[in-house]
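Asks: Here is my input, please return the structure:
(chains A and B, ligands or ions: 2)
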Amino acid sequence: MSIIENHTTNGQAFSEAPKLQARNVDVFYGDKQAIYDVSFDIGANEVIALIGPSGCGKSTFLRCLNRMNDTIDICRIEGDILLDEENIYDPKVDVVPLRARVGMVFQKPNPFPKSIYDNIAYGPRIHGLAQSRVELDEIVERSLQRAGLWNEVKDRLHSPGTGLSGGQQQRLCIARTIAVDPEVILMDEPCSALDPIATAKIEELIDELRENYTIAIVTHSMQQAARVSQRTAYFHMGQLIEVNPTDQVFTTPEHSLTEAYITGRFG
Amino acid sequence: MTNLTTREKVERSMKRRRASESRFRAYGVASVVFGLLCLVILFTDILRNGVSAFEQTVMDVSIELDGDYLGIDSQADDSAIKLANFDGLVKRHFDREVQPERRDRRQLFSLISAGASWQLQKMVLEDPSLVGQTVNVALLMDDDVDQWFKHYRGHSAHPVLNETQLGWLNQWADEGRLHTNFNTLFFTNGDSSEPELAGIRGAITGTFLTLMVTFLLSFPIGIAAAIYLEEFAPRNKITEFVEININNLAAVPSITFGLLGLAIFINLFGVARSTPLVGGLVLTLMTLPTIIISSRAAIKAVPPSIREAAYGLGASKMQVVFHHVLPLALPGMLTGTIIGMAQALGETAPLLMIGMIAFVVDVPGFITDPSTVLPVQIYLWSNGSEAAFTERTSGAIIVLLCFLITMNAAAVWLRRKLERRW
Ligand SMILES: Nc1ncnc2c1ncn2[C@@H]1O[C@H](COP(=O)(O)OP(=O)(O)OP(=O)(O)O)[C@@H](O)[C@H]1O
Ligand SMILES: [Mg+2]
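Replies: Ligands and ions are numbered 1, 2, ... in the order given. Prediction:
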């Protein structure tokens, strides 16, 4: 299989109220191209699922949205990504406030080797979000509440975050991300290491978070995509094949590759 | 053969695997035992030769601090006491007590250390009212007496002491007046040409000052260099060149650093030779590669997921490095530093090049005073002709080993303490 010549993305790639807009994005790792000419919108307060076979560039694309790829030396990006109509790759843009606005939850839970409290408080501290200790305590409690972790950890806020179970750690990481109060949350397979119960909790959480945040989630689980997202984007070999409302993608996919993937014929 | 089941094949291969495993284990045990044995032999040898350096032979004497002879009284001030002839007093005392024949007098006096008169002087300086009284003191004996008493007593002949001398000594020993005391002078004196007066205080102080200079320079510079190279330096030819050369520096023979120090610090910048300052500078050059390399390894070992988490929250590069990478890398960095310092502690060759081999009697007070260091002191004493110097060589080695063990234990303790945080 190789990339499709003269491809244009099928379906409803654009949104009326876009939060993030990708325009003709190409990504290269050294000489190797990982993303080919991807253009689509992520609407405000929507959950969009990014699906596709392993190695198709989902993580790569997701990491472009908060410029996490800047930390990889060989990674080079062409095209524009607009957050609220502003190009985040403009040389004038500082990545530090950008990443405070576009938070990220990683595939593997990665709490800091610090206490639960300090894990949550770290973001607000470096961005100066709390004027007082009391305010910081409030932020920590609220974030843990929203991530559904408060009741489990409220008695041991000062024990290490790394001592929690995998699912708790992942919710800790989500709480840490929302403590900074971002506008967009990027999630890269947040449930891949979790059991069904922890997964269900996180999906519930995503549903709640949608009221206030815009969420892009990479997932390998069709069911998860179907449960949490409003729209689904299907990537294939670095190309964006199709973007459509989630029900439509899973019932009547437009593109034959999408259909092949969701019916399990490859991937 | 062909119709063996998989299980049978696995069983067959197990025998081979178990055999190779136990063979490997035997090799391991053998090397550990060999290593331990060498260590035990080394330690027993050093201890056997060196422990006696911590004892010194003295002789109980009742001596009258004759004010008329000394020309002082119990109200004398320090300067008068310092001028008084205590040496003559000691000689007169022994002359009267032993009543040797005229030709044997020098041989009698040679049994007593030059330190004996200083002992008396010190007593009087501390308490001038002793003048005129008869005091009981344990007078320091010469190193030959010391060696004889510790190792040759009972032998009829002695390479240095003659029969008359042995006669007196045997008599004193039989009377129980000769005995050994803990050798405090070994720890409170600087070097001396008289073995019984030679101590390691100067060398220890010199070592301490030198290592302090080394640490104060190499720790911050090494860690800053490691952080810069690992986190901030652009990946290009220049950085690569620097990295390769740091690795090369770690393998450069240490004496080369001595030559470099001689050429640059002493000849070019005019830093005084034989001082802890220049010694510390040279040892800094030597330890820097070790510290940089181990610090970089410690930084590399910080999981990338921690960095990503911090970047993902909007931490700046500085914040990622100082809030997350550094605390996690610090135990490794400190271990590297202490290993580097331990190397520096035992280093002799480069220091010989910059004149730290000079014979220094005074204990250095500051990093610009001439001084020597423990390993060099050991080297100096090992060349001494007197048997007592050989003994002190081993004694100083024991002290050096104690320092090394302490430093390594500190490294282990520090690492545990820092790592235990999570
Ligand atoms: N740091 C990197 N350096 C070089 N190539 C990379 C790097 N990260 C990803 N790639 C390449 O880019 C392509 C896309 O990788 P990416 O991680 O985005 O895939 P993915 O869709 O997230 O896959 P998965 O579902 O397995 O996580 C792959 O071919 C991969 O080999
Ligand atoms: Mg991925």
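
Asks: pLDDT wise, what is residue B:286 at?
Replies: For residue B:286, the model assigns a pLDDT of 90.

Asks: which residues touch it?
Replies: B:254, B:257, B:343, B:344, B:347, B:350 (Cβ atoms under 8 Å, 6 or more residues apart in numbering or on different chains). Heads up, the C-betas are built off the backbone N, CA and C, glycines and all.

Asks: Remind me which helix or strand it belongs to.
Replies: For residue B:286, the host element (DSSP states H and E) is helix B:276-300.

Asks: gap between residue B:355 and ligand 1?
Replies: Separation of residue B:355 from ligand 1 (Cβ to the nearest ligand atom, to the nearest Å): 54 Å.

Asks: nearest to ligand 1, of the contacts of residue B:286?
Replies: residue B:343 (37.8 Å; Cβ to the nearest ligand atom).

Asks: Can you report how many residues neighbour that closest one?
Replies: 15 (other Cβ atoms under 10 Å in any protein chain shown).

Asks: That one against residue B:288, yeah?
Replies: No - Residue B:343 is beyond contact range of residue B:288, at 11.4 Å (criterion: Cβ atoms under 8 Å).

Asks: who in the stretch 1-150 of chain A is up against ligand 1?
Replies: Taking Cβ under 6 Å from any ligand atom as the test, the list of the stretch 1-150 of chain A residues beside ligand 1 reads A:29, A:34, A:52, A:54, A:55, A:56, A:57, A:58, A:59, A:60, A:72.

Asks: Just the ones in strands from the residues you listed, please.
Replies: The strands, defined by DSSP state E, take in A:29, A:34 from those.

Asks: Least confident of the residues of the stretch 1-150 of chain A next to ligand 1?
Replies: residue A:72 (88).

Asks: Show the contacting residues for it.
Replies: residue A:29.

Asks: Counting neighbours, which bits of the helix holding residue B:286 end up buried?
Replies: B:276-296, B:298-299 (16 or more other Cβ atoms under 10 Å in any protein chain shown).

Asks: Can you read off the backbone torsions of the residue nearest the centre of chain A?
Replies: The centroid of chain A falls nearest to residue A:186 when counting by Cα atoms, centre = their mean (1.8 Å). When quoted as degrees, to the nearest 10, the phi and psi of residue A:186 stand at phi -100, psi 130.

Asks: quick one: the residue nearest to it when sequence neighbours are not counted and residue B:306, what's the gap?
Replies: Nearest non-adjacent residue to residue A:186, counting by Cβ to Cβ, 6 or more residues apart in numbering or on different chains: residue A:104, 4.6 Å away. Between residue A:104 and residue B:306 the distance is 14 Å, computed by Cβ to Cβ, to the nearest Å.

Asks: Closest one to chain B out of the residues of the stretch 1-150 of chain A next to ligand 1, please.
Replies: Within these, the smallest distance to chain B is 10.3 Å, found for residue A:72 (Cβ to the nearest Cβ).

Asks: how about the helices in the stretch 151-267 of chain A?
Replies: Counting by DSSP state H, counting those that start in this stretch, the stretch 151-267 of chain A has helices at residues A:166-179, A:196-209, A:222-228, A:246-251, A:256-262.

Asks: coming back round to it: tell me the buried residues within the contacts of residue B:286.
Replies: Using 16+ other Cβ under 10 Å as the threshold, B:254, B:257, B:344, B:347, B:350 are the buried ones among the contacts of residue B:286.

Asks: Confirm the third one sits in a helix?
Replies: Yes - under the criterion used here (DSSP: H, G, I helix; E, B strand; the rest coil), residue B:344 sits inside a helix.

Asks: The residue nearest to residue A:186 - how many residues pack around it?
Replies: So residue A:104, with other Cβ under 10 Å, has 25 neighbours.

Asks: Can you name the residues that contact the residue nearest to the centre of chain A?
Replies: Contacts of residue A:186 by Cβ under 8 Å, 6+ apart are A:62, A:63, A:65, A:66, A:102, A:103, A:104, A:105, A:215, A:216, A:217.

Asks: Between which two of those is the distance greatest?
Replies: A:63 and A:215 (15.4 Å; Cβ to Cβ).

Asks: Let me know whether residue A:93 touches residue A:84 as I believe.
Replies: No - if you go by Cβ under 8 Å, residue A:93 and residue A:84 don't touch, sitting 11.9 Å apart.

Asks: so what's residue B:58 up against?
Replies: B:138, B:139, B:140, B:141, B:178, B:179, B:180, B:181.

Asks: Bridged to the nearest residue in space to residue A:12 that is not next to it in sequence, which residues?
Replies: With Cβ to Cβ, 6+ apart as the criterion, residue A:12 has its nearest non-adjacent residue at 5.8 Å, and that residue is residue A:244. Note on residue A:244: beta-bridge partners by DSSP bridges are residue A:232.

Asks: State the distance from residue A:244 to residue A:148.
Replies: 30 Å.

Asks: Which of the contacts of residue B:58 are buried, as a PyMOL select command?
Replies: The PyMOL command for the buried members of these (criterion: 16+ other Cβ under 10 Å) is given here:
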select buried, chain B and resi 138+139+140+141+178+180
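
Asks: could you dump the contacts of residue B:58 to JSON lines with secondary structure?
Replies: What follows is the contacts of residue B:58, written out as JSON lines (three-state DSSP):
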{"residue": "B:138", "secondary structure": "strand"}
{"residue": "B:139", "secondary structure": "strand"}
{"residue": "B:140", "secondary structure": "strand"}
{"residue": "B:141", "secondary structure": "strand"}
{"residue": "B:178", "secondary structure": "strand"}
{"residue": "B:179", "secondary structure": "strand"}
{"residue": "B:180", "secondary structure": "strand"}
{"residue": "B:181", "secondary structure": "strand"}
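
Asks: And the furthest pair within the contacts of residue B:58?
Replies: Of all pairs in those, the most separated under Cβ to Cβ is B:139 and B:180 at 13.2 Å.
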